[in-house]
Structure formats: C-alpha cells, structure tokens
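>>> Sequence and predicted structure are below.
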Amino acid sequence: MQKLAIDCAPLVSIITPTLNRAKIIPDAIKSVLGQTMTHWEHIIVDDGSMDNTEDVVRRFPDHRIIYINRFKQRGISDARNLGLRLASGKYIVFLDSDDTFPKDSLAIRVKFMEKHPSLAMVCGQGDVVRSQKYLRALEKIDPTKKQTRFSHNASDALVAFKKLKTHKARYHLLLEENFILTGTVMLRRKVLEKIGSFDTNFVVAEDYDLWLRVARNYDYAALDEVLVNYRRFDDSIYLDARKKKIHLKYVRLAQTKQKPWK
C-alpha cells in the first residue's frame, strides 16, 4: 500500500497505556511510525512508571506522539480513558506498550471502516510472539506439550464469525467467548461517546466489557487480516493460576452485566 499522508486533524487516535516498559515500548512506537497510513496521533499514557520510560519516549521527535505522565498509578482502564478524553481522531485503536502493529494495520482498518459506515467496530487476527522466559514457564506447567515461540491467533470463534448472518448472532458469539485481541480493534469515536469508556471497576477484562457493550448496541466485523503482533512475557496472567482465576471472575461479570437480547 502507498503511504497515505494528510495535513489536518488526525484520522486515527492510537492509545497506549504503559507502566515500566522502557525496554520494549520503543518497538511499539517504531511500529506506529512505520505505518503506511500516517494520518494518526499516538497518545501514550504513562501510569506512573518508575523506570526511564519518559526519557525513552521523548527520544522520538515526532509531533504526532503525545506523551502524558500521570506519576501516580491508577490502572490500565483509567489510563486508556484519559487517552480517550484526549483523542481527536475519527477512529480509535489501542496498542499495548509490549505489542506492535504490522505496517498496513491502520490502513487496512481505516479502509474497511470507511467502506462500511454502519459498523461501529472492527477487529481481526493477530500473531502471538512468546518470550523465551514465557516458553520456559509454559514448559514447567506442562512438560508434555510442545511449545512454539510464534503462533497465529485464529480461534474457532473467529472462524465461526464468517458464517453468521445477523447482528444478534454476532453479539451472542462474543458473549460466549472473548475472541477479540485489543490491538486489532478499531472503533468509531462517536460510538464511544454514546456507549461510554472503560469501566474502572474492572481489574482485568475491562476490554471485553467494552466490546460487549459496543456489540450489544451496534454491529461489528472481524477481518482475516493480521493486525497486531501480540507479545507474551513471563509476567502474563496466563502463567499465574491466581491471576487466571481473577480474570475469569471479571469475564463472567462482563457477561452477566449484559441485558437479554429482545
């Protein structure tokens, strides 16, 4: 795809919450700078990092990068909500500080959303990259299972999505399982102004709660395209039984919050 550059207000607002990710956030920023669609702003909300995250971010002298340091930790939902309040783009996307975008990620989503104005949200597939520490931890949990550093996220739900014909069916599929990777999502900002932002009462699964609220009221789509490189490190909730239990609790809460479809 050719570079798309337009000198006016940003079309896309990218929101990145971060906390003590000085060593890896440059990869996320570089992946944004490398996008073929350059009509964006990148809002980075530092949730009180104790490392040199601010120094690292400020090494990128690009006026489209907006760095906010809150100095006090208030959680990922609150950080994303601050980013949303500052956002001026027509579309909203989220990029966690340990993930990266393929170079056409924004262009693919913008093109699709512009072509389908009735849709509130689009998501897609992702490639999962596991750190060596993460792999070793997985091997300790299940030594009999072969682990690979790279894998492709294409859940059964994403496959099933293609066969669904109605908004109601697509909503119920998401209600059964959160198959959406946060970094693959693009939302219309005007929809979030009506639906609301992230629920700060959620310790985890705050993204799933938001996707459900959007999908309950508006239709959405899922693409076959890989839109994010999702990196897993040794501090992942998937390696901690206690954290997994808490995560499941909030997933259930997000599901039970939903009103029956009439």
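Thanks, I have it.
>>> shouldn't residue 64 be in contact with residue 41?
Yes. Residue 64 is in contact with residue 41 according to C-beta atoms under 8 Å; the separation is 5.2 Å. C-beta coordinates here come from the backbone N, C-alpha and C atoms, glycine included.
>>> which one of those two has more residues nearby?
residue 41 (21 against 15; other C-beta atoms under 10 Å).
>>> list the contacts for that one?
Residue 41 sits next to 10, 12-14, 64-66, 87-89 when contact means C-beta atoms under 8 Å, 6 or more residues apart in numbering.
>>> May I ask which of the residues you listed comes out lowest in pLDDT?
Ranked by pLDDT, those bottom out at residue 10, which has 94.
>>> Contacts only, for the spatially most central residue of the chain.
Geometric centre of the chain, nearest residue: residue 182, 2.3 Å, by C-alpha atoms, centre = their mean. Shown in contact with residue 182 (C-beta under 8 Å, 6+ apart): 94, 96, 207.
>>> Highest neighbour count among these?
residue 94 (24 neighbours).
>>> Isn't that residue up against residue 183?
Yes. With contact defined as C-beta under 8 Å, residue 94 and residue 183 form a contacting pair (6.4 Å).
>>> Could you look up the SS state of residue 223?
Counting by DSSP: H, G, I helix; E, B strand; the rest coil, the backbone at residue 223 sits in strand.
>>> That one contacts residue 119, doesn't it?
No. With contact defined as C-beta under 8 Å, residue 223 does not reach residue 119; the gap is 11.2 Å.
>>> Which of the residues in stretch 253-262 are classified as buried?
253-255, 258 (16 or more other C-beta atoms under 10 Å).
>>> likewise stretch 43-62?
43-47, 49, 53-54, 56-57, 60.
>>> Of those residues, which pair is most distant in space?
Using C-beta to C-beta, the buried residues of stretch 43-62 span at most 19.1 Å, a distance reached by 47 and 60.
>>> Quick one: the strands in the stretch 51-200 of the chain, in order.
Taking DSSP state E, counting those that start in this stretch as the test, the strands found in the stretch 51-200 of the chain are 65-69, 91-94, 121-130, 150-153, 186-188.
>>> Reformat those into JSON lines and put distance to residue 25 next to each item.
Output for the strands of the stretch 51-200 of the chain, formatted as JSON lines (distance: least, C-beta to C-beta, whole Å):
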{"stretch": "strand 65-69", "distance to residue 25": "10"}
{"stretch": "strand 91-94", "distance to residue 25": "14"}
{"stretch": "strand 121-130", "distance to residue 25": "16"}
{"stretch": "strand 150-153", "distance to residue 25": "21"}
{"stretch": "strand 186-188", "distance to residue 25": "21"}
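>>> Show me what the longest helix along the chain is packed up against.
Scanning the chain for the helix with the most residues, using DSSP state H, yields helix 241-256. With contacts taken as 3 or more C-beta pairs under 8 Å, 6 or more residues apart in numbering; DSSP states H and E, helix 241-256 sits against helix 206-217.
>>> now the helix it packs on and helix 241-256, what's the angle there?
20 degrees (axes from the mean of the first three to the mean of the last three C-alpha atoms, to 10 degrees).
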